[in-house]
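Colleague: with the input below, show me the fold.
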Amino acid sequence: MRILIIGNSKSAEILTDFFCENPEHLVFTTKEGLKGNYTGINSKDTEELKEFALANEINLTIAADRFSADADYFPVFTENNLAILCPDIDALKIASSKACGKKFIYRNKIKTPKFAFFEKLNLALDYIRNAKYPLVIKPDEHFETETAYIAETFGAAKKKVEQLFQNDNKKILIEEYIYGKEYTFYALSDGFRPILIDAVQNYQNELSVKRPVNLELKEKIYNEIIFPTISALASDGTEYTGILGFDIIITPKNEAYLIEYNSFFKDLDTEMILKDTGEDWAKLFMDTITGTLADNFETPFSFKNRGRYYGAFELEDGQEIITQSAKTAGVLYERLLSEGLDEDILNEARKLWEQ
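Modeller: Below you'll find the model as predicted:
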C-alpha cells in the first residue's frame, strides 16, 4: 500500500516509522529525517499534497497532527477520490476549540464539569472571587504540551488568569475540579458507528500508561459519551470520520466526566496504541474511511452490547443493525433506508430496540 503521512508532530513521526516497518508499504511523509520518503511539501499546502497523492497513486493519506484546524484536507482529497483519514473542518471544531467542544457537550447533555469561558479579565476575576475551589484553568486554544492548571486558592487562580490574558489568550476556560483518574479513550468513527479501540491513563500530559479497563466501564463510556457524540454530530449533518480521543475523568464512584476531545492520538499515546495489538492498522484506517469498520474490526477492545441500551436484528446476510436512542434510531433508520435496505426489516429492528 502507498501511504502518505501529513504532519510535523511526534505522532506523525511514530506513525511513519511504524508503517515503514512493513515492507509491503511504500510510505511518504511531510516531515524530514524519517524512515519514509520525504515529500518536501509544506504540511499545510492542501493543493500540492493532493497533486502529489494523485501523481504517486497514494492509497491512504493520514493527517496526523492534532488540532490542525488551519488546513482543511478533507474536501480537497475526497473530491478527487483520494482516501484520507481526517475529519472535515466542521467536525474538527469540537476538538480544535474548547469553547466549541464544551458547548457541544453541554448541548447534548453529556456529563462534564461545570464550566465558564471568559474574554475579559475583569469578568474572569469576578467569577473566581466567588467560585468554589479548587478550579481548573486553561486557555481556549489547544496545544500539544498543554497542562491544566489547578488553582487551590483565589490568589493562585488570579495569578494564572492574569498570566493567560497577558500572553494574548483571547478566551480562557475555568471549570470545576473533578477528583479522579484521567483517561483518554480513543475511538475510530466512520461517521455513524464509532468503535472503541483503546484507553490510556494520563498523568499531567507528561506520562501515559496502558491500564486495563473493565468491560462494564467501557460500555458506560461508549453508551454515555462516545456513541452520543458521533450520533449528535451525524444528526447535525456533520459526520466525524477518523480518530477521536475523549479525555475523561473517572471518579472513585465510577462516574465519567468528559473534559474535552482530541482529533488524533496524543504524541504520548501513539506508539502504545499502534504496537502489540496484532492489528492491520492500514486496513483499519481504510475501513474507517469506507464505512466498513464495524463489520471488520475484531480486537480485545471491541464489543457489542446486548443490554438495555441496544436493540439488534440479524439480517439474512449477517449484517447487524444496532440502535441506541430514539434520536439515533431515527438517524440510522433514514440512512439505512436511503441505502436500499428493506423497510420491513428495518421496522422489525426498531421493534426489538423498543422492547
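Colleague: in its sheet, what does the helix or strand where residue 247 lies sit against?
Modeller: The secondary structure element spanning residue 247 is strand 241-250 (assigned by DSSP states H and E). Applying DSSP bridges, strand 241-250 is found paired with strand 181-190 (antiparallel), strand 256-262 (antiparallel).
Colleague: output the below-cut-off pLDDT ranges for this protein.
Modeller: Per-residue confidence for the chain (pLDDT under 70) gives these ranges: 67-69, 142-147, 203-211, 276, 297-342, 344-355.
Colleague: contacting residues for the residue most central in space within it?
Modeller: Against the mean C-alpha coordinate of the chain, by C-alpha atoms, centre = their mean, the closest residue is residue 244 at 1.2 Å. By C-beta atoms under 8 Å, 6 or more residues apart in numbering, the residues touching residue 244 are 87, 95, 186-187, 189, 194, 229-230, 261-263. All C-beta atoms are positioned from the backbone trio N, CA, C, and that covers glycine.
Colleague: most neighbours, which of those residues?
Modeller: The most neighbours of any of these, using other C-beta atoms under 10 Å, belong to residue 87, which has 28 neighbours.
Colleague: residue 241 is in contact with that one, correct?
Modeller: Yes - proximity of residue 87 to residue 241 meets the contact threshold set by C-beta atoms under 8 Å, at 5.8 Å.
Colleague: now do the shared contacts for these two.
Modeller: By C-beta under 8 Å, 6+ apart, residue 87 and residue 241 have these common neighbours: residue 74.
Colleague: number of nearby residues for residue 81?
Modeller: Counted with other C-beta under 10 Å, the neighbours of residue 81 add up to 7.
Colleague: and it, that's in a helix?
Modeller: No - the assignment for residue 81 by DSSP: H, G, I helix; E, B strand; the rest coil gives coil, which leaves it out of any helix.
Colleague: any idea how far it is from residue 59?
Modeller: Applying C-beta to C-beta, to the nearest Å, one obtains 11 Å for the distance of residue 81 from residue 59.
Colleague: pull the CA atoms of stretch 87-104 into CSV?
Modeller: Provided in CSV are the C-alpha atoms of stretch 87-104 (Å, rounded to 0.1, in the frame of the first residue of the first chain):
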residue,chain,number,x,y,z
PRO,A,87,-12.4,14.8,9.8
ASP,A,88,-13.7,17.7,7.9
ILE,A,89,-13.2,21.2,9.3
ASP,A,90,-16.7,21.5,10.7
ALA,A,91,-16.5,18.2,12.6
LEU,A,92,-13.0,19.2,13.8
LYS,A,93,-14.3,22.2,15.7
ILE,A,94,-15.3,20.2,18.7
ALA,A,95,-11.6,19.2,19.2
SER,A,96,-9.8,22.4,17.9
SER,A,97,-11.7,24.8,20.2
LYS,A,98,-12.5,24.1,23.9
ALA,A,99,-15.4,26.6,23.6
CYS,A,100,-16.9,24.7,20.7
GLY,A,101,-16.3,21.4,22.3
LYS,A,102,-17.8,22.3,25.7
LYS,A,103,-20.9,23.9,24.2
PHE,A,104,-21.4,20.8,22.1
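Colleague: can you pull out the strands in the stretch 101-250 of the chain?
Modeller: Across the stretch 101-250 of the chain, reading from the start of the chain, the strands by DSSP state E, counting those that start in this stretch fall at 115-118, 135-139, 149-151, 172-176, 181-190, 195-203, 207-210, 241-250.
Colleague: who touches residue 191 in this structure?
Modeller: By C-beta under 8 Å, 6+ apart, the residues touching residue 191 are 230, 234, 239-241, 291.
Colleague: work out for me the element residue 279 sits within.
Modeller: Using DSSP H and E, residue 279 falls within no helix or strand.
Colleague: and if you look at residue 12?
Modeller: When elements are defined using DSSP H and E, residue 12 is found to belong to helix 10-20.
Colleague: repeat that for residue 294.
Modeller: Using DSSP H and E, the element containing residue 294 is helix 293-296.
Colleague: cool, and residue 24?
Modeller: Taking DSSP H and E as the definition, one finds residue 24 inside no helix or strand.
Colleague: can you tell me, leaving aside adjacent residues, what's nearest to it?
Modeller: The spatial neighbour of residue 24 that comes closest, neighbours along the chain excluded (C-beta to C-beta, 6 or more residues apart in numbering), is residue 1 at 6.7 Å.
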